[in-house]
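> quick one, fold the following:
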Amino acid sequence: MEIIAFIIIILGASVLQTATGFGFSILATPFLLLIFEPIEAIQINLILSLIISSALIMKIRKDIDFSILPRFVVGSVTGLPIGIMIFLLVDINRLKLGVSLIILALTIMLILKFRINQNKKKDLIVGGLSGSFTTSIGMPGPPLLLYFSGIETQKEKLRGTTLAFYLFIYFVSLIIQVTFAGTNKEIWISSLWALPLVFVGLYLGQRLFKRINQNAFRIVTYIILLFTGIYLLTESLRSL
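Have a look, this model is predicted:
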């Protein structure tokens, strides 16, 4: 039964991440936690997300916004240690509660056509938030997705820039995880077994990406954001 669940989780999350640039963490992590220990679930998530970004980087390089990407990276370098401090000093359930309410509120504003203008300062801030989200709650995606939706970024640029950024942020996060929390054989063997599923997900996700238009893509991003907010909200309330 666990093997079937593992196959469904990894395949579904890989398709979503490939098609949108987002979603692997929010879709896979809650279910992987039912099968693995927390540290194992998190590191498997990091490894497979890295593999997806690495496999796609050559295909999506023309879609990457190289004016925004460096500022995201610079901002995240500041955000990563801040996230660690928050994780160590702040009650994680209260943190998730606050983050979930912010995500839900901002998503509703986006659905109601609230929009913002992009500039260098905001790029740095969003990168910083993504970095701090990565090391505090393990989800770098929501700040990027909210920002890109707010400035009405085209789906190609959104996916390409996000996956390129993930190459950096997940690599650094994995190093931090392995250095401070350690790792084990189960993590790497499970990741190896997941590779065929990831490659199938890459193929299906690419096909799906080509078929969905900008409006459908926007609806999918809102669904991911709402699901993220609701998941964090229910998890935090259950643990309080």
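> and Glu40, how many neighbours does it have?
18 (other CB atoms under 10 Å). Where C-beta positions appear, they are placed from N, C-alpha and C, glycine not excepted.
> how about it, secondary structure?
helix (DSSP: H, G, I helix; E, B strand; the rest coil).
> show me the contacts for it.
Leu32, Asn184, Glu186, Ile187, Ser190 (CB atoms under 8 Å, 6 or more residues apart in numbering).
> any of these buried? List them.
In these, burial by neighbour count holds for Leu32, Ile187, Ser190, counting by 16 or more other CB atoms under 10 Å.
> got the contacts of Glu40 as TSV, with pLDDT columns?
Formatted as TSV, those follow (pLDDT from 0 to 100):
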residue	pLDDT
Leu32	85
Asn184	93
Glu186	93
Ile187	93
Ser190	94
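> as CSV, the buried ones among the contacts of Glu40 with distance to Leu167 and secondary structure would be great.
CSV is the format used below for the buried ones among the contacts of Glu40 (distance: CB to CB, whole Å; DSSP: H, G, I helix; E, B strand; the rest coil):
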residue, distance to Leu167, secondary structure
Leu32, 21, helix
Ile187, 20, helix
Ser190, 21, helix
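> what's the farthest-apart pair in the contacts of Glu40?
Leu32 and Asn184 (14.7 Å; CB to CB).
> and the residue nearest the centre of the chain, backbone torsions?
The residue lying closest to the centre of the chain (CA atoms, centre = their mean) is Gly141, at 3.8 Å. Per-residue torsions, Gly141: phi -70, psi -40 (degrees, to the nearest 10).
> tell me the contacts of it?
Here Gly141 is in contact with Phe22, Gly23, Ser25, Ile26, Ser130, Phe133, Thr162, Ile224, Thr228 (criterion: CB under 8 Å, 6+ apart).
> of those, which belong to helices?
Ser25, Ile26, Ser130, Phe133, Thr162, Ile224, Thr228 (DSSP state H).
> from Ser49, how far off is the closest residue in space to the fifth one that isn't next to it in sequence?
Across the structure, with CB to CB, 6 or more residues apart in numbering as the measure, the residue nearest Thr162 apart from its sequence neighbours is Gly21 (3.9 Å). Per CB to CB, to the nearest Å, Gly21 is found 11 Å from Ser49.
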